[in-house]
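K.L.:
just the structure for this:
(chains A and B)
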Amino acid sequence: MFGAALFSLASCQKIDNWAEPGARLYGNVIDTYTGKNLAMDNNDWQIRIIDRTWEKMNPGFVAQYQTLAVMYDGVYNNAKLFSGTYDMLPYDGPFWPVDTVKGVVLDKEKQQDFMVTPYLQVTDLTSTLVGTGLTLTCTVKAPLLLKGTVALPNLYEVKPFLSLTTFCGNSNYINIAEYNNLRKSINRTWAAELANLKLPANSDAISYTMGPLPVKSGYTYYVRVGACVNALSRRYNYSPIVKVVVP
Amino acid sequence: MKLKLILFAAFFGFAVSSCYDLELQPKGILGEPELFGSSYGVQKYFVQAYMRLPIEDFIYYVNTSDQDVNNNFIGYMPGNSNKWQAYKNSLSQMTGELYGWSVGMNGAGFGYWPYAAIRYVNVFINSFPNYKSNYDAATYNSLLGEARFLRAFYYEGMAKRYGGVPIISEVQDPINGDKDSLKVSRNTEYDTWKFIQADLAFAMANMSATSVLGRANKYVAAALMSRSMLYAGRVAKYTQYLGLGTDAAVQKGLAGMDPTKANEFFQAAYDAGIMIKAGPYSLYTKNYPDKATNFANLFLDRSSSETMFSKGYDGQTFGHCYDALMLPNPDMSSFVGSEGYPVLEIMQMYDFPALTDAQGKPVRFNKRSDIKIGMEPRLQGTCFFDGDVLKGIPFEIQRGIYLHFAGPASDAQSGSNNAPVNAISNRLLGTSKGSTYQGVLLSGRHGMSTAGSENNCFNGAFMRKYIDPTRTTALTNVNKSTTSWIAFRLGEIYLNTAEAAYELGKRTEALDYIELIRVRAGCKVTRPVLDQTTTSTYGYPIEASLQFIRDERLRELYTENHYWWDLKTWRIADQVLNQRYPRAMSCYYVFDEGKYIFIDEVNRDNRNITAPKSAAYEKIPQGEINKNTNLLPQNPLY
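P.N.:
The predicted structure is shown next:
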């Protein structure tokens, strides 16, 4: 018995000879229109990083990407990475594709910001509460219909997000049919949607109204509207969050 | 001590005496001459190849992490001990055709990578010419064609998942060959489908016209041609609308094709359909004039004139659990019982009685089973409704009682507990099967009480398709079912041909095929009026009649594991399955009127089904990329 105990304790001694991953990589994802951090929800989409140093140390192998979560305020921060040279790409977000930033050297700590151009802007969110019915109105803008030779993909949908916490968006919302079925499913080009709504062909903004969404008395809701185009995984561009107290 | 000595002596004696000369020819192993030298040997050899075909049948298990010893046919699971769960985790459950058990939508793929099986067939294709002198020309060509058919089937199983994959048509040599030659890159998606087309064209030209049950002939090869080329045509035509154009795999042609190639594939699908139409098969009509029973028996009759190719089960070595997992225990199943039920939104795509009148009020029915009045026979052959008798027991499906229900159906707010009319003082729900209220039935024996979804119908009906009514309840048990799975039937081929013809602009001819299907189904309107109005629900223009043809596929092939591949190849899986809430048809007794009403309700778990955009292509298995980095780039969005 004593021998077994000794053996099991002794076997827990060995530590590997690698330094622990302690380098920190952080930064902001900045909206080129506002100069401020991009409005989003926690971990809606990720930054892909590829460790090229590992590839050099292991010839013949191809490194797989890792992902860094971007938080609701457009900030990412990971303090448990190995030092090395990384390629970085904000991927599958609600913005025009950006180029991979190559050769980011991470020693102890490195700030790497990204500038992105959102597909859409959602502004002027107003909420009107009548009884326990919440009506939302917002403006969706498409500042750029053509980037180089690439046209803006179809405007896909405009969707209300309601949450009972201050976090609100596609990662944190009340996911029920009563709300989801009130989203606007569009899936048309910008021009076709203008024609569909009989708006002037040169407008760069469309107003949408959704609701009434049934809310409960005595609760505080955090509400925002997201709009997306039919690109990659259709991530949302969001309006600011509005607090709604239901009496 | 003595014991040790004896053991030592025994072991020593055994070890020494066992050193016989082992330079003997093994007697029980069949080599190439025995297997390839006669058609019986070839038949034996092909058994393994048929076993591994990617046929999504009763035992196809979505998302399983279980693997067979070769790690190469995950999901298809022949002989796996966990396969009893397979139908709970079927494609139909995943796509929301059936509702009950929740099956995750796994965009990461099922890991199907059948190169071991392809090698097995390639060995035959490469070596069989050495034995040509043993056969007459027709038999030789037919067997070689059969091998090409089998190989095409594996590639079709991969192409519909991954797009372009490495084309291996020779037997690789892993021991003496150059190691790097084993790291084959992916071919383009176009080349992959063309390779399948070439194999099948050879098979159609060379295979015999007839075959024994469970083995393919040239018409079966044509059937696979019809299906796979239709998939390829859709992929070529509609991938451009996915919005994935910036992705590396798309730009290299590994995922997606040039839209101008679409018509050559549609033409190949159409031509194969024409060949089959002239063949020996016919739509099943043996049980006319009862079109409902006829449609149900089509899936049970092994001598059906419509079945082209089926996968058999004997209930001993190979059985499945479909009956035991689709019927309620204890009345009709002796196993865990049912947990997958047809959903209202699909039932309403058939000729279906109105649930509300012109004022929006629920229609009053004298009996629950009156819901079947005016219902399309094909739907009655597909589903069991209240009052239908199986194994001597009538189905009894009722959700609860309304003491009073005067207003429109919208008052019920899709079944929400918050609706005033649904207050517990007015809407009574049974908490157990067969409970009553003041002597009146509250909730049915087979559904829809407030209990869980096991053996408690959630949506208002049970599946009838593929259910064997002659199977006793005692024998409705684990791995006892013997119903064959129909891999190809003429009905599907007509629908393939119709869609291909329509895509080629042969609109009238396309509707001719649809009419044949709808006459057999017993529809009220057998021939739809040609309607070329375009809509763009999915972000691309589609004519109304083409949408009708697509919908007809779902009606006819419902739960036959086509829908997922259809949604994928139409490139609309992420749009049709975008927070879709499966719906229920809930029957209530209105107490103060003595009548029954049916309310259209959201499923009671408030569960929705969403397919990710990445579902258009599955992920190339990471384990394969680790072995062979030439498989990169990965498919879009992974």
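K.L.:
just for chain A, where's the confidence low?
P.N.:
A:1-14 (pLDDT under 70).
K.L.:
what ranges does it have for its helices?
P.N.:
A:2-10, A:52-57, A:177-180, A:190-196 (DSSP state H).
K.L.:
same check on the stretch 301-450 of chain B?
P.N.:
B:322-326, B:344-347, B:377-382 (DSSP state H, counting those that start in this stretch).
K.L.:
so which of those helices comes closest to chain A?
P.N.:
helix B:344-347 (12.5 Å; CB to the nearest CB). (C-beta placed from N, C-alpha, C; glycine too.)
K.L.:
could you give the number of residues near A:Y238?
P.N.:
Here the count is done by other CB atoms under 10 Å in any protein chain shown, and A:Y238 has 28 residues near it.
K.L.:
that one against A:R224, yeah?
P.N.:
Yes. A:Y238 is within contact range of A:R224, at 5.2 Å (criterion: CB atoms under 8 Å).
K.L.:
what do these two both touch?
P.N.:
A:V122, A:F161, A:G169 (CB atoms under 8 Å, 6 or more residues apart in numbering or on different chains).
K.L.:
of those residues, closest to B:K524?
P.N.:
Of all the shared contacts of A:Y238 and A:R224, A:F161 has the smallest distance to B:K524: 43.2 Å, by CB to CB.
K.L.:
what sits closest to the closest one if chain neighbours are left out?
P.N.:
With CB to CB, 6 or more residues apart in numbering or on different chains as the criterion, A:F161 has its nearest non-adjacent residue at 4.2 Å, and that residue is A:Y173.
K.L.:
against chain B, how distant is that neighbour?
P.N.:
A:Y173 sits 11 Å away from chain B, going by CB to the nearest CB, to the nearest Å.
K.L.:
let's see stretch A:224-237 as CSV, backbone CA atoms only.
P.N.:
Extracted C-alpha coordinates of stretch A:224-237, given in CSV (Å, rounded to 0.1, in the frame of the first residue of the first chain):
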residue,chain,number,x,y,z
ARG,A,224,-30.9,46.2,-30.6
VAL,A,225,-31.4,45.6,-34.3
GLY,A,226,-29.0,43.7,-36.6
ALA,A,227,-28.8,43.7,-40.3
CYS,A,228,-26.8,41.4,-42.5
VAL,A,229,-25.9,40.7,-46.2
ASN,A,230,-25.6,37.3,-47.8
ALA,A,231,-21.8,37.0,-47.4
LEU,A,232,-20.1,34.0,-45.8
SER,A,233,-21.9,33.2,-42.6
ARG,A,234,-24.1,36.4,-42.6
ARG,A,235,-22.9,38.1,-39.5
TYR,A,236,-24.8,41.1,-38.3
ASN,A,237,-24.0,44.8,-38.2
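K.L.:
that stretch near chain B at all?
P.N.:
Yes. For stretch A:224-237, a contact with chain B is found by CB under 8 Å from any CB of the partner chain, at A:V229, A:N230, A:A231, A:L232, A:S233, A:R234.
K.L.:
and the next helix or strand past the helix or strand bottoming out on mean pLDDT in chain B?
P.N.:
Lowest by mean pLDDT, DSSP states H and E among the helices and strands of chain B is helix B:2-17, with a mean of 56. Counting by DSSP states H and E, the next helix or strand C-terminal to helix B:2-17 is helix B:32-36.
K.L.:
close to chain A: what parts of chain B are there?
P.N.:
Residues of chain B lying near chain A (CB under 8 Å from any CB): B:241-247, B:414, B:416, B:418, B:536-539, B:574-575, B:578-579, B:581, B:602, B:606, B:608, B:612-614, B:622, B:625, B:629, B:632, B:636-637.
K.L.:
pLDDT at B:P621, what is it?
P.N.:
As predicted, B:P621 sits at a pLDDT of 87.
K.L.:
just to revisit the earlier point, which of the residues of chain B next to chain A are buried?
P.N.:
Neighbour-count burial (16 or more other CB atoms under 10 Å in any protein chain shown) is assigned, among the residues of chain B next to chain A, to B:241-245, B:247, B:414, B:416, B:538-539, B:574-575, B:578-579, B:581, B:602, B:608, B:612-614, B:625, B:636-637.
K.L.:
which SSE is B:I276 in?
P.N.:
Applying DSSP H and E, one finds B:I276 within helix B:262-277.
K.L.:
helices or strands next to the helix or strand following that helix in the packing?
P.N.:
The helix or strand immediately downstream of helix B:262-277 is helix B:291-298, counting by DSSP H and E. Judged by 3 or more CB pairs under 8 Å, 6 or more residues apart in numbering or on different chains; DSSP states H and E, helix B:291-298 is in contact with helix B:377-382, helix B:507-521.
K.L.:
at 10 Å what do you get?
P.N.:
Using 3 or more CB pairs under 10 Å, 6 or more residues apart in numbering or on different chains; DSSP states H and E, the elements in contact with helix B:291-298 are helix B:377-382, helix B:490-503, helix B:507-521.
K.L.:
tell me the most buried of those?
P.N.:
helix B:490-503 (a mean of 26; mean count of other CB atoms under 10 Å in any protein chain shown).
K.L.:
what's the angle from that one to helix B:291-298?
P.N.:
Computed by axes from the mean of the first three to the mean of the last three CA atoms, to 10 degrees, the angle separating helix B:490-503 from helix B:291-298 equals 100 degrees.
K.L.:
what about helix B:490-503, average pLDDT?
P.N.:
pLDDT averaged over helix B:490-503 gives 98.
K.L.:
same thing with stretch B:284-302?
P.N.:
Stretch B:284-302 comes out at a mean pLDDT of 96.
K.L.:
want to try CSV for the helices and strands packed on helix B:291-298, with distance to B:T472 as columns?
P.N.:
Converted to CSV, the helices and strands packed on helix B:291-298 look like this (distance: least, CB to CB, whole Å):
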stretch, distance to B:T472
helix B:377-382, 22
helix B:490-503, 30
helix B:507-521, 30
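K.L.:
can you name the residues that contact the residue nearest to the spatial centre of chain A?
P.N.:
The centre of chain A sits closest to A:D44, judged by CA atoms, centre = their mean, with a distance of 3.5 Å. Applying CB atoms under 10 Å, 6 or more residues apart in numbering or on different chains to A:D44 gives the contacts A:38, A:69-72, A:92-94, A:169-171, A:226, A:233, A:235-236, A:238.
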